[in-house]
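Student: sharing a sequence plus its predicted fold:
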Amino acid sequence: MSQTTLPKSDELKGKSIIISGGGIGGAAGALALSLRGADVTLYERAPEFKEVGAGLQIGPHGVRMLEKWGLKDKVIDAGYLPERMQFRDAITAEPILTMDFGEEFQRHYGGRYLVIHRSDLLSILVEAATEAGATLLNGVQVLGADDREDGVVVHIEHRADGTREDVGADLLIGFDGTHSVFRKLLVDDEPVPSAYVAYRGTSELPEDPDMKDLKDVVGYIGPRCHFIQYPLRGGELLNQVAVFQSPRYLEALTEGTEVPEDWGNNEEFKNAFGHTNEFIQGRLGDMWLNTWWQMADREPLMNYVVSDHIIVLGDAAHPPLQYLASGAVMAMEDAECLALFASQAAVEGGKNWRDVLEEVSAERAPRCARIQTVGRFWGELWHVDGLSRLIRNETFRQAEATGWFKYADWLWDYDADRREYLKDPSKGEMPAELKEWEYNLHKIARLRDSREYEQVTV
Ligand SMILES: Cc1cc2nc3c(=O)[nH]c(=O)nc-3n(C[C@H](O)[C@H](O)[C@H](O)COP(=O)(O)OP(=O)(O)OC[C@H]3O[C@@H](n4cnc5c(N)ncnc54)[C@H](O)[C@@H]3O)c2cc1C
């Protein structure tokens with residue numbers, strides 16, 4: 001691995017910050033804050049820092065931050081730089097949109113497009129945060145916290161022996177994932193299952209005669225399903241993800257009956273890709289069958305500030321569906337935004353933690369809401385059938401012919417330092433052209449509740 005020097009400064013010297021949760025968001029938070037001199041302690045309840053699953057796509061919005069944190073060479077060494085992203089029709093396998101990640105892309109976005117194994121990215125962040133001075137502890141569950149006038153008291157439990165302790169700090173960040181303890185203090189909501197389920201799998205790329213020349217992220221998108229492939233670890237591994245709509249989940253949803261716990265099970269998986277191209281069907285044997293991921297997000301939240309000294313970030317604040325490949329990047333953006341705004345406030349003076357948290361929330365919530373809602377739309381566009389599919393394919397071809405940057409700029413050309421959503425929160429809304437669009441699951445629930453069964457379509 002290449003050596004890098006971490007870009008350390010000391011604007012937050014003397015500030016003590018506790019982070020609950022050591023996923024990619026928490027580890028990035030520990031890094032970004034300790035790089036500015038803060039005294040950071042991170043508590044992760046699991047016995048080790050570990051990510052379940054395999055590949056992560058990190059667009060230029062994420063890679064530019066990793067570069068800023070001094071990690072560009074390390075993540076490139078550990079990951080893979082795909083040449084292009086290709087969308088193909090899942091029925092015919094024909095390419096419908098190819099996005100080249102060459103020089104023009106790199107000039108336009110000021111960064112590369114990277115794919116990396118989740119565990120590799122997490123290890124790099126954990127190692128760098130430790131090197132920057134943060135203390136990252138496993139086997140510690142955060143139970144709750146009390147906001148006090150001058151800071152916060154965090155209640156923790158050491159899982160090995162069940163002992164409990166109260167720890168004081170200036171600030172607590174809940175990077176504790178979609179079932180966050182602290183999100184519950186803001187809103188009493190539930191995850192919104194999307195009716196789609198993901199199967200994942202990795203295998204050796206060079207040994208695979210059909211795939212050994214793969215250099216791209218390839219997404220076959222088709223009616224009610226999609227299939228993604230890309231290399232990982234410098235081309236050592238092939239990462240594949242097969243996603244489909246669960247008929248049993250949908251049936252329960254439309255009929256208002258109990259949802260089976262194992263929706264998306266192996267039986268459904270076996271029948272889900274029969275209408276797709278033979279090539280895809282031939283690849284499904286490599287998927288792991290012992291576990292599958294029922295995809296869900298939550299309704300966007302417009303405030304992440306829990307109290308004067310507590311904020312939720314990452315999936316705790318804004319879990320998205322995976323279609324824009326930005327959940328982990330959003331968590332890293334949150335980390336950088338908080339560290340940046342806090343260090344700028346420390347230099348300028350005159351602001352307390354509440355002011356900083358409000359500013360972070362006002363910048364991040366509209367941006368993340370847009371990623372969550374456009375992510376739902378983007379997923380549905382991948383999965384359309386019939387005439388809509390043909391129109392979608394033609395629209396994608398046109399986007400390639402006339403230039404697609406204009407569709408991706410809002411997502412990939414972002415820097416919290418510009419405070420663009422803070423200045424204009426309306427940027428967080430769905431673009432005007434999509435305002436009339438309604439998320440299919442909302443529509444189903446609305447029609448079911450109004451008992452207009454005959455109109456319920458999927
Ligand atoms: C199929 C799929 C594909 C995806 N692809 C991409 C992609 O290509 N690109 C991308 O950017 N994103 C992608 N994502 C999204 C991304 O994985 C998540 O958004 C991101 O990992 C969220 O990170 P986080 O740190 O906020 O939360 P988490 O990863 O959920 O981490 C939360 C951590 O907090 C810990 N914790 C929870 N409660 C407590 C407690 N009380 N005390 C102590 N610790 C606690 C948990 O153990 C966990 O380690 C994908 C997601 C899925 C499901």
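Tutor: Nice, I can see it. Numbering: from 1, shown residues only.
Student: can you give the domain ranges for the chain?
Tutor: The chain breaks down by the TED database into domains covering 16-84+117-190+300-434, 192-297.
Student: can you add mean pLDDT and distance to Glu103 and give those domains back as TSV?
Tutor: For glycine as for every other residue, the C-beta is placed from the backbone atoms N, C-alpha and C. Shown next, in TSV, are the domains of the chain (pLDDT from 0 to 100; distance: least, C-beta to C-beta, whole Å):
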stretch	mean pLDDT	distance to Glu103
domain 16-84+117-190+300-434	97	11
domain 192-297	96	16
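Student: for those, which one ends up most surrounded?
Tutor: Ranked by mean neighbour count, those are led by domain 16-84+117-190+300-434 with a mean of 20 (mean count of other C-beta atoms under 10 Å).
Student: enumerate the residues of the stretch 251-400 of the chain near the ligand.
Tutor: Trp293, Gly314, Asp315, Gln322, Ala325, Ser326, Gly327, Ala328, Val329, Ala331 (C-beta under 6 Å from any ligand atom).
Student: change it to 5 Å
Tutor: Residues of the stretch 251-400 of the chain lying close to the ligand by C-beta under 5 Å from any ligand atom are Gly314, Asp315, Gln322, Ala325, Ser326, Gly327, Ala328, Val329, Ala331.
Student: the second one and Glu104, how far apart?
Tutor: If I follow you right, that is Asp315. Computed as C-beta to C-beta, to the nearest Å, the Asp315 to Glu104 distance reads 33 Å.
Student: now do the helices in the stretch 351-458 of the chain.
Tutor: Counting by DSSP state H, counting those that start in this stretch, the stretch 351-458 of the chain has helices at residues 353-382, 386-402, 405-412, 420-423, 440-449.
Student: SS state for whichever residue of the stretch 151-300 of the chain sits closest to the ligand?
Tutor: Nearest residue of the stretch 151-300 of the chain to the ligand (C-beta to the nearest ligand atom) works out as Gly177 at 2.8 Å. Using DSSP: H, G, I helix; E, B strand; the rest coil as the criterion, the local structure at Gly177 reads coil.
Student: list the contacts of the closest residue to Ala160 other than its chain neighbours.
Tutor: Counting by C-beta to C-beta, 6 or more residues apart in numbering, Gly139 is the residue found nearest to Ala160 once chain neighbours are left out, at 5.5 Å. Shown in contact with Gly139 (C-beta atoms under 8 Å, 6 or more residues apart in numbering): Glu44, Arg45, Ala46, Pro47, His158, Arg159, Ala160.
Student: tell me the phi and psi of the fourth one?
Tutor: This points to Pro47. Dihedral angles of Pro47 (phi, psi; degrees, to the nearest 10) stand at phi -70, psi -20.
Student: and Gly386, how close does it get to Ile96?
Tutor: Counting by C-beta to C-beta, the gap from Gly386 to Ile96 is 16 Å.
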